[in-house]
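# Sequence below, structure please.
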Amino acid sequence: LEVTGFFPEDPDARYNLAGVYALMNRPDDAIRELRIDFELGDIDYDYLLDDPWFEVLHGDQHFGRLIEKMKKAAADHVD
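Purely as a prediction, here's the structure:
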C-alpha cells in the first residue's frame, strides 16, 4: 500500500498491488487496483491473462469486463 502512496500515478505499482490482493484472495481490491492500472494506461491484457497471480480472477465477471475494455483500448491504440 505504501508504494502506491509514494507513486499514485505509476501503473506498475498499481498492477503489483493488485497482484498482492489477488494472491491474498481479495478479488474486489485486486480488480479496483487493476482498473486504476488500466486508467493509467496499461492495456497489456495478454500479459494480465497469462500472469499466474491473477488466475483466481479468471471467472470473475468484473475481471472479464476489464479484459474486454483493455482489448478494445489495445485495438484502438493500433488503429
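
# contacting residues for the residue positioned nearest the centre of the chain?
Nearest residue to the geometric centre of the chain (Cα atoms, centre = their mean): residue 34, 2.6 Å. By Cβ atoms under 8 Å, 6 or more residues apart in numbering, residue 34 lies in contact with 14, 15, 18, 48, 54, 63, 66. C-betas here are computed from N, CA, C, even on glycine.

# Same list, those residues, but as a markdown table with secondary structure and neighbour count please.
What follows is the contacts of residue 34, written out as a markdown table (DSSP: H, G, I helix; E, B strand; the rest coil; neighbours: other Cβ atoms under 10 Å):
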| residue | secondary structure | neighbour count |
| --- | --- | --- |
| 14 | helix | 24 |
| 15 | helix | 22 |
| 18 | helix | 26 |
| 48 | helix | 22 |
| 54 | helix | 24 |
| 63 | helix | 20 |
| 66 | helix | 19 |
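
# which one among the residues you listed gets closest to residue 8?
The closest of the contacts of residue 34 to residue 8 turns out to be residue 14 (Cβ to Cβ; 8.5 Å).

# May I ask you to confirm that the closest one is in contact with residue 40?
Yes. In this structure, residue 14 is within contact of residue 40 by Cβ atoms under 8 Å, at 6.5 Å.

# joint contacts of those two?
By Cβ under 8 Å, 6+ apart, no residue touches both residue 14 and residue 40.

# related to what we said a few turns ago, state the pair within the contacts of residue 34 that is farthest apart.
Greatest spacing in the contacts of residue 34, by Cβ to Cβ: 14 and 63 (15.0 Å).

# Could you pull out the buried residues of the helix or strand residue 67 falls within?
Element membership for residue 67 (DSSP states H and E) is helix 61-78. Within helix 61-78, the residues that count as buried by 16 or more other Cβ atoms under 10 Å are 63, 66, 67, 70.
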